[in-house]
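>>> Dropping the sequence and predicted coords here.
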Amino acid sequence: GERAWCRHAFPGKFTHAAVRRTRCRLPAMAKITETVLLERGSPRTTRLENIKTLNLSKMGLCCADLPVALLSRLRGLTRLNLSGNRLRELPSGLQLPGLRVLDCSHNDLEDVSSLEPLSSLEQLQLDGNLYITVSDNYKVMFLLPNLRILNGKDISSSANHLRYVNTETLKRRVSALWESSFQPLTALTAERRRTVEQEFVTLACAKVKYGPNSLSDYYRWRVEMLARALLHSLVEEREGETLGNSQTDADAGQTHADPSLRSPRKRRGADSGSGPEQETPKKSRQAEAEAAEPTASSPRKSSRLKSVLPQPETPSKSPRKPARADGCPPEPALPCTAPKTPPKSRPAEGPRENGTPRKSSGSTCLEPVHVLQCHSRQDSPEDFSTQLWACAFQPDSDPEPCGSSVVATCGGETVCLIDCQAGTVLKKYKVPGEEFFSLAWSSVLMSREGGTLRQCGMLAAGGRRGVVKLIHPRANCAYGEFRASRRALSALRFSPQRPSFLFTGSYDSRVVLWDIGGVDGNYNFKVSQLMILETGSTPLHLNLPPLSAERHLLAACDRGLLCFDTQLGKNQLKRSSELEVVFPLYREEDNKKNFHTIDGLAFLNNDIIASKSHMQGSIYLWSWSRTLATRPNKRREVGAALLAELQWSGTDLPYLSLSTCPGEGYLVCGDEKGSLWTYHLTEELLGRARAGKPLPPTQVLQWPAPVLRGGGPVDGPSVNSVALAPRMKYLVALTDKNMVVVWRRV
């Protein structure tokens with residue numbers, strides 16, 4: 001803020017006069033002036049129109065530093081060097097009709113569409129731009145019809161093939177899709193036209209496939225362009241026919257009907273992994289039936305044997321659910337589509353007032369919009385057995401009112417990035433033989449040429465092999481990995497205060513703190529181990545209290561909820577827990593019930609924590625600050641300062657995690673039937689909470705029952721993980737039947 005800046009600029013007494021002086025700062029001097037252009041241009045001249053070659057390299061220029069009006073006077077310019085700057089794009093409206101050679105290497109270009117007005121370009125340099133991908137190079141070849149040399153290579157032949165042969169092939173496929181999925185157009189209102197266009201474009205991008213996966217971004221961009229062009233041409237053709245026949249129709253007293261357009265089916269995520277099914281640490285849900293089998297390769301199984309109720313031995317094909325009792329074969333596994341109408345959400349069972357289920361007046365309405373099978377083995381539509389374990393929305397790098405719509409999901413051999421708005425898989429990362437259990441977003445510093453630093457958003461993922469994979473999604477680059485444990489990884493969490501600090505939980509009953517550091521332009525990085533925390537059992541969830549993230553770590557484990565002191569000033573490399581948080585439910589344990597497995601943990605705000613135990617049948621809300629304040633004589637065990645208890649499913653199925661949206665005061669947790677229990681937790685509601693009387697959920701969103709193509713609806717699976725987008729625009733649920741369900745706020 002201004003006051004903090006003034007204290008730094010004017011040491012000593014801080015007065016209002018100092019503030020007034022700061023408000024009179026002179027504007028920064030322009031980097032590009034007519035004098036600069038004349039000095040850096042050749043041949044030497046006094047008129048901008050006569051400059052043929054211009055060198056503006058290594059001046060630290062941003063897009064705002066390029067004055068369009070001044071540069072547009074360079075009508076005779078043929079060669080321009082903008083290398084070694086900080087350009088993310090070229091300014092809008094720049095016209096250089098004579099420009100033939102452009103060097104934009106070693107910048108920060110992100111979008112090549114700003115090059116389109118430079119249609120006369122023949123040679124272009126784009127190497128050294130971190131975010132320019134192979135798909136962007138193809139876009140450039142299409143946008144610039146005269147381009148012959150790209151990054152020093154002759155691309156004439158491939159560019160012509162791209163502009164003509166590929167375009168005709170895509171046109172035919174887009175036209176065929178329209179004819180097979182939609183009825184002929186009639187007179188449409190503007191609103192209906194926009195709806196039809198969006199439906200058709202979305203379907204075309206999902207269905208029309210061409211070329212290798214490395215060029216999927218380019219072909220999706222090109223298909224969208226062709227789909228819009230086709231629809232516009234059909235509309236114009238229809239309007240022309242209507243105009244030509246309007247007089248005849250009026251005389252004959254005829255009217256034009258508007259038959260309904262046939263909507264396409266929702267797409268199923270086509271990208272998928274491959275590889276044989278492997279037994280994994282998290283796979284078994286029938287512990288007693290598998291107790292006699294070797295469990296060395298399944299650390300999750302061995303930790304569950306003491307906590308799950310005994311189940312009768314039943315032959316089963318699914319590791320989670322028993323076989324059908326009637327002996328009938330299962331329904332055919334076919335691609336599934338989202339339901340035509342969203343299912344109705346039902347109020348929760350619980351206390352009723354005047355015969356009506358209690359409901360929050362400010363509740364949020366959600367509807368299911370997409371169901372994807374994007375983690376299938378060998379791209380098989382019959383794969384309903386791959387279990388999905390973790391999801392997280394990409395943080396907002398440039399916050400907008402709508403919030404982020406990109407979510408990362410992991411399960412089986414793959415990590416996927418999904419666009420919740422379009423219902424498409426943007427990127428996929430696959431490791432044959434791996435099974436991913438956890439992931440986490442962060443950002444690290446990237447050093448660029450010239451010593452400049454820039455934040456680089458990255459994703460970490462880990463699983464059965466104990467190796468953390470480091471991925472830079474924006475650059476389509478999996479740039480590194482390191483071994484975090486000899487056992488499988490169960491949880492990952494980055495520090496919000498120190499983005500390069502990564503906590504990894506593993507099945508060797510440890511949490512390790514790593515510093516993954518930054519990266520250079522070639523993605524070289526160095527990892528160092530800072531601390532080892534002994535948990536005594538498998539850590540399932542890791543959380544950092546928002547107000548003491550550099551001091552405390554909460555670890556929800558198979559045998560309790562532990563708190564660790566993580567301050568780096570101490571010399572201890574290995575540490576035990578500082579305290580254990582205990583809950584009233586523990587007093588009800590016996591030989592058949594073990595409530596110490598904490599399989600859900602999240603902060604609702606800076607102080608309130610939501611947690612649940614396996615077999616609890618409810619969710620606790622408790623205060624972190626009050627819990628610490630009531631710790632008697634620094635005892636290791638401290639009772640949680642409960643604020644409220646929330647009704648939830650009575651299932652004995654473990655590892656169904658919960659999620660919160662702190663900005664909206666919402667909590668969501670899935671159950672064993674595919675339903676989502678949502679809670680809008682206002683201060684007023686928490687103030688009415690009474691001990692021993694659990695609060696019912698605001699709504700229970702029922703399983704949307706997507707329909708198998710050629711078959712019936714899919715039964716509700718277990719919801720292993722959920723994630724809420726900022727501002728609650730989207731809700732994503734992962735199931736144990738290889739389905740990602742996207743809900744949208746309406």
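Happy to help now that I have it.

>>> check contacts around the residue lying closest to F501 once chain neighbours are set aside.
Nearest residue to F501 in three dimensions, chain neighbours excluded: S495, at 4.0 Å (C-beta to C-beta, 6 or more residues apart in numbering). Heads up, the C-betas are built off the backbone N, CA and C, glycines and all. By C-beta atoms under 8 Å, 6 or more residues apart in numbering, S495 lies in contact with 501-503, 544, 549-550.

>>> Any chance of a PyMOL selection covering the buried ones in the residues you listed?
To isolate the buried members of those in PyMOL, using 16 or more other C-beta atoms under 10 Å:
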select buried, resi 501+502+503+544+549
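
>>> measure the residue nearest to F501 to S442 for me?
8 Å (C-beta to C-beta, to the nearest Å).

>>> Need the overlap of contacts for those two.
With contacts taken as C-beta under 8 Å, 6+ apart, S495 and S442 have L502 as neighbours in common.

>>> Pull up the gap between the residue nearest to F501 and E550, please.
From S495 to E550 the distance is 7 Å (C-beta to C-beta).

>>> Find out how far stretch 532-543 is from the centre of the chain, if you would.
25 Å (C-alpha atoms, centre = their mean, to the nearest Å).

>>> in that stretch, what's buried?
Of the residues in stretch 532-543, 533, 535-543 count as buried by neighbour count, 16+ other C-beta under 10 Å.

>>> With only the CA atoms kept, save it in CSV.
Provided in CSV are the C-alpha atoms of stretch 532-543 (Å, rounded to 0.1, in the frame of the first residue of the first chain):
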residue,chain,number,x,y,z
ILE,A,532,11.4,-36.1,8.8
LEU,A,533,8.3,-36.4,10.9
GLU,A,534,7.5,-39.7,12.5
THR,A,535,3.7,-40.4,12.4
GLY,A,536,3.6,-44.0,13.7
SER,A,537,1.0,-44.9,11.1
THR,A,538,0.1,-44.0,7.5
PRO,A,539,-0.6,-40.3,7.0
LEU,A,540,-3.8,-39.9,4.9
HIS,A,541,-4.2,-36.1,4.8
LEU,A,542,-1.8,-33.2,5.5
ASN,A,543,-2.9,-29.7,6.4
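
>>> secondary structure element for E684?
Using DSSP states H and E, E684 sits in helix 683-688.

>>> Name the surrounding residues that touch that helix.
360, 621, 643-644, 695.

>>> any idea which of the residues you listed is the one closest to P473?
L621 (34.2 Å; C-beta to C-beta).

>>> C-terminal to the strand or helix carrying that closest one, which secondary structure element comes first?
For L621, the element it lies in under DSSP H and E is strand 618-623. Following strand 618-623 in sequence order, the next helix or strand is helix 624-629 (DSSP H and E).

>>> Can I get that following helix in PDB, CA atoms only?
Output in PDB follows, covering the C-alpha atoms of helix 624-629 (Å, rounded to 0.1, in the frame of the first residue of the first chain):
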ATOM      1  CA  TRP A 624      -7.900 -25.000  16.200                       C
ATOM      2  CA  SER A 625      -7.100 -21.900  18.400                       C
ATOM      3  CA  ARG A 626      -9.400 -23.000  21.200                       C
ATOM      4  CA  THR A 627      -8.000 -26.500  21.100                       C
ATOM      5  CA  LEU A 628      -4.500 -25.200  21.600                       C
ATOM      6  CA  ALA A 629      -5.600 -22.800  24.300                       C
END
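
>>> how deep is the nearest residue to D108 once chain neighbours are set aside tucked in, by neighbour count?
Nearest in space to D108, with sequence neighbours left out and distances taken as C-beta to C-beta, 6+ apart, is R88 at 5.0 Å. Residues within reach of R88, counting by other C-beta atoms under 10 Å, total 15.

>>> who's in contact with R88?
Here R88 is in contact with 62-63, 107-111 (C-beta under 8 Å, 6+ apart).

>>> Repeat that for S447.
453, 518-521.

>>> Where does pLDDT dip in the stretch 601-746 of the chain?
Within the stretch 601-746 of the chain, the stretches with pLDDT under 70 are 691-692.

>>> hang on, I meant the stretch 251-400 of the chain
251-363, 397-400.

>>> Just the CA atoms of the helix or strand containing R192, as CSV, please.
Using DSSP H and E, R192 sits within helix 190-207. Extracted in CSV, the C-alpha atoms of helix 190-207 (Å, rounded to 0.1, in the frame of the first residue of the first chain):
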residue,chain,number,x,y,z
ALA,A,190,-30.2,-14.7,-31.6
GLU,A,191,-30.3,-16.5,-28.2
ARG,A,192,-31.2,-19.9,-29.7
ARG,A,193,-28.5,-19.4,-32.3
ARG,A,194,-25.8,-18.9,-29.6
THR,A,195,-27.0,-22.0,-27.8
VAL,A,196,-26.9,-24.1,-30.9
GLU,A,197,-23.4,-22.8,-31.8
GLN,A,198,-22.0,-23.6,-28.4
GLU,A,199,-23.5,-27.1,-28.5
PHE,A,200,-22.1,-27.8,-31.9
VAL,A,201,-18.6,-26.3,-31.2
THR,A,202,-18.3,-28.3,-27.9
LEU,A,203,-19.4,-31.5,-29.7
ALA,A,204,-17.0,-30.9,-32.6
CYS,A,205,-14.0,-30.3,-30.4
ALA,A,206,-14.8,-33.5,-28.5
LYS,A,207,-15.5,-35.8,-31.4
